[in-house]
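Engineer: I would like to see how this sequence folds:
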Amino acid sequence: MTEPITDLTGQLLIAMPGMPDPRFANSLIYLCAHSSDGAMGLIVNKPSAEMSFETLLDQLPIENTGNLKEIRVHFGGPVEVGRGFVLHSPDFQSDMTTLQVDDTFAMTATLDVLESIVQGKGPEKRLIVLGYAGWGPGQLEREIAANGWLVCEASSEVVFDTTDTHKWEAALGSLGISPLTLSSTGGRA
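Structural biologist: Here you go, the predicted structure:
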């Protein structure tokens, strides 16, 4: 079994320009879990073209009681695309179902968080996603070594407060990197 290079839980993965999988091109992924068993993360910068929050609510036993058009649903990754997750600030806790990732981020995958959002009682900051990105043991480490991803510290400002079209660039900027200086190929000097 391959040991992780380090625990990357709570970090952001920035897709490199040469990312061969088009589902991850220019993606920014928040890692909710990372261990020797693999990794699980949520793409935070790709709004869903097919699903609005109102349409999502129509498919669930939750009464839409307000004007929720401004809430967007995101594509969280290609695994279990029918399963929903809410990445959010730690001011919301669901009994036994909220994963407190770190001091800034939590994740809940049960209907009660959506009910709370509809009632105006949900987490102050939130990102609703369908699906997730997953890696088997050692897979993410190999992809990072092959120049597929950069890793940076996650910030609430980048994940929740930056527009989706600027999150990837903002994460690169947090590392002092301009997208214009990136190459789609890696090498060794």
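
Engineer: use CA for all of it now, contacts and neighbours both
Structural biologist: Will do.

Engineer: and residue 101, what does it touch?
Structural biologist: For residue 101, the contacting residues are 9-10, 32-33, 107, by C-alpha atoms under 8 Å, 6 or more residues apart in numbering.

Engineer: check which helices and strands the helix or strand bottoming out on mean pLDDT in the chain is in contact with.
Structural biologist: Ranked by mean pLDDT, DSSP states H and E, the weakest helix or strand in the chain is helix 53-58, scoring a mean of 71. Packing partners of helix 53-58 (3 or more C-alpha pairs under 8 Å, 6 or more residues apart in numbering; DSSP states H and E): none among the helices and strands.

Engineer: partners of the helix or strand just after that helix in the sheet?
Structural biologist: For helix 53-58, the following helix or strand on the C-terminal side (DSSP states H and E) is strand 72-75. The pairing partners recorded for strand 72-75 under DSSP bridges are strand 47-52 (antiparallel), strand 126-135 (parallel).

Engineer: export strand 72-75 as CSV, just CAs?
Structural biologist: The C-alpha coordinates for strand 72-75 follow below in CSV (Å, rounded to 0.1, in the frame of the first residue of the first chain):
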residue,chain,number,x,y,z
ARG,A,72,-26.1,27.7,-7.8
VAL,A,73,-25.5,24.0,-8.0
HIS,A,74,-22.0,22.9,-9.0
PHE,A,75,-20.5,19.8,-10.7
